[in-house]
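Undergrad: Fold the stuff below for me.
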Amino acid sequence: MRTQPTAPRDRSGQVVLEFVFMIAFAMIIGAVTMVIAFDLMAETSERQRYAAIQDAGYAIQDELILAATVDDGYHRIIDVPDRADRFQYTLSTDADGAGLSVRSGQYALTFDIPPILGEVHDGATFLIRKSGTVIVVEVVG
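TA: Got it, this is the predicted structure:
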């Protein structure tokens with residue numbers, strides 16, 4: 001007994017069905033890859049944000065410690081950028097002037113600083129050591 005060969009139409013239907021399944025599978029793999037890549041990019045961006053505001057905080061802390069450890073009469077203008085790397089951040093000092101907070105996104109880092117008079121702002125900032133105290137003045141103009 002002989003088997004009848006399948007009609008070419010049946011084979012073409014199977015090929016089309018296999019092709020559709022392969023394309024759908026490729027699209028699912030592509031979508032999963034895109035989601036994973038987006039998640040990794042967001043995580044990397046947040047790590048970069050943390051490192052950037054940490055660097056900015058340490059730089060400002062170093063300037064204030066330097067101003068506190070030198071003799072009276074010290075004065076210096078520092079430029080505090082409005083962005084750390086590409087990230088916006090805000091600065092604030094504690095009520096007693098002994099802590100500097102740097103905030104950006106979900107992060108808020110606090111740095112110990114010597115007691116100061118005044119607020120640290122972005123832009124040009126004048127540091128003066130007078131009578132054993134560091135005075136911080138925003139330069140206007």
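Undergrad: So which residues of the chain form helices?
TA: Here the chain has its helices, by DSSP state H, at 8-69.
Undergrad: Low-confidence stretches in it?
TA: The chain contains residues with pLDDT under 70 at 1-10, 141.
Undergrad: cutoff 80 now
TA: Residue ranges of the chain with pLDDT under 80: 1-11, 95-97, 141.
Undergrad: Report the central residue of it.
TA: Geometric centre of the chain, nearest residue: R49, 1.3 Å, by C-alpha atoms, centre = their mean.
Undergrad: In contact with that residue, which residues?
TA: Counting by C-beta atoms under 8 Å, 6 or more residues apart in numbering, R49 touches D85, F87, S104, G105, Y107. Where you see a C-beta, it was placed from the backbone N, CA and C, and this is true even at glycine.
Undergrad: Could you do R129 as well?
TA: R129 makes contact with A67, A68, V70, D71, D72, G73, Y74, H75, I135 under the criterion C-beta under 8 Å, 6+ apart.
Undergrad: Can you give me the buried ones in the longest strand seen in the chain?
TA: Criterion DSSP state E: the longest strand present in the chain is strand 123-130. Buried residues in strand 123-130, counted by 16 or more other C-beta atoms under 10 Å: T125, L127, I128, R129.
Undergrad: Parallel or antiparallel, which strands does that strand pair with?
TA: Paired strands of strand 123-130, with direction, are strand 75-80 (antiparallel), strand 133-138 (antiparallel) (DSSP bridges).
Undergrad: Now that strand - C-alpha only, CSV.
TA: Extracted C-alpha coordinates of strand 123-130, given in CSV (Å, rounded to 0.1, in the frame of the first residue of the first chain):
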residue,chain,number,x,y,z
GLY,A,123,27.5,79.2,42.0
ALA,A,124,30.4,81.3,43.2
THR,A,125,30.8,81.1,47.0
PHE,A,126,33.2,83.1,49.1
LEU,A,127,34.9,81.3,52.1
ILE,A,128,36.4,83.5,54.8
ARG,A,129,38.2,82.4,58.0
LYS,A,130,37.8,85.2,60.6
